[in-house]
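Colleague: need coordinates for the below:
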Amino acid sequence: MTEFKPLDDKTLVAGQISLADLAEAKRYGVTMVINNRPDGEDAGQLTSAELEAEADRLGLDYRHIPIARGMGPSQIEEMVSAMSEVGDGKMLAFCRSGMRSTLAWAVACRENGVPREDVERCAEQAGYSLGAVEHLL
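Modeller: Residues are numbered from 1 along each chain as shown. Predicted structure coming up:
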């Protein structure tokens, strides 16, 4: 099973997940899954369509917000939107290592007015550095 790392009380982050991880995520209270990987990034990687079909089967909301070479405004807007729509549930964002998902979460949190120190502390506790997006925080 893939390790889910909490960023805050509503958000978990992970590296690449499997179909079985979706059921495990649901047991953690996850109601929305965000895939930050572009299809075809690695050989053998599950496609977004495969993940979405399993998420739908499990009753999970699914978003594909691929981040390939840095984040643009549209990816941040989509992350902000997803974070506002998760409601009382939790969100699991994943990419290859969890880094891009963490960076997108951090910038979206700042867009929502979360204090920078809180965002940095949460990312650090999960084992991620926000240095790559420091200029956006």
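
Colleague: in the chain, which spans are strands?
Modeller: 5-8, 11-14, 30-35, 61-64, 90-94 (DSSP state E).

Colleague: a markdown table for the ones you listed, including mean pLDDT and mean neighbour count?
Modeller: Yep, even glycine has a C-beta here, placed from its N, CA and C like the rest. Shown next, in a markdown table, are the strands of the chain (pLDDT from 0 to 100; neighbours: other C-beta atoms under 10 Å):
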| stretch | mean pLDDT | mean neighbour count |
| --- | --- | --- |
| strand 5-8 | 97 | 18 |
| strand 11-14 | 97 | 24 |
| strand 30-35 | 98 | 23 |
| strand 61-64 | 97 | 18 |
| strand 90-94 | 97 | 25 |
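
Colleague: could the ones you listed be laid out in CSV, adding distance to L136?
Modeller: Putting those into CSV (distance: least, C-beta to C-beta, whole Å) gives the following:
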stretch, distance to L136
strand 5-8, 16
strand 11-14, 17
strand 30-35, 18
strand 61-64, 20
strand 90-94, 17
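
Colleague: among those, which is nearest E124?
Modeller: Of all the strands of the chain, the one in closest proximity to E124, counting by C-beta to C-beta, is strand 5-8 (10.4 Å).

Colleague: partner strands of the closest one, with direction?
Modeller: The strands beside strand 5-8 in its sheet (DSSP bridges) come out as strand 11-14 (antiparallel).

Colleague: let's test this: mean pLDDT of stretch 99-113, rounded?
Modeller: The average pLDDT for stretch 99-113 rounds to 96.

Colleague: how about residues contacting it?
Modeller: Here stretch 99-113 makes contact (C-beta atoms under 8 Å, 6 or more residues apart in numbering) with 7-8, 11, 13-14, 34, 36-37, 65, 67, 71, 75-76, 79-80, 83-84, 93-95, 116, 118-120, 123, 126, 128, 130, 132-133, 136-137.
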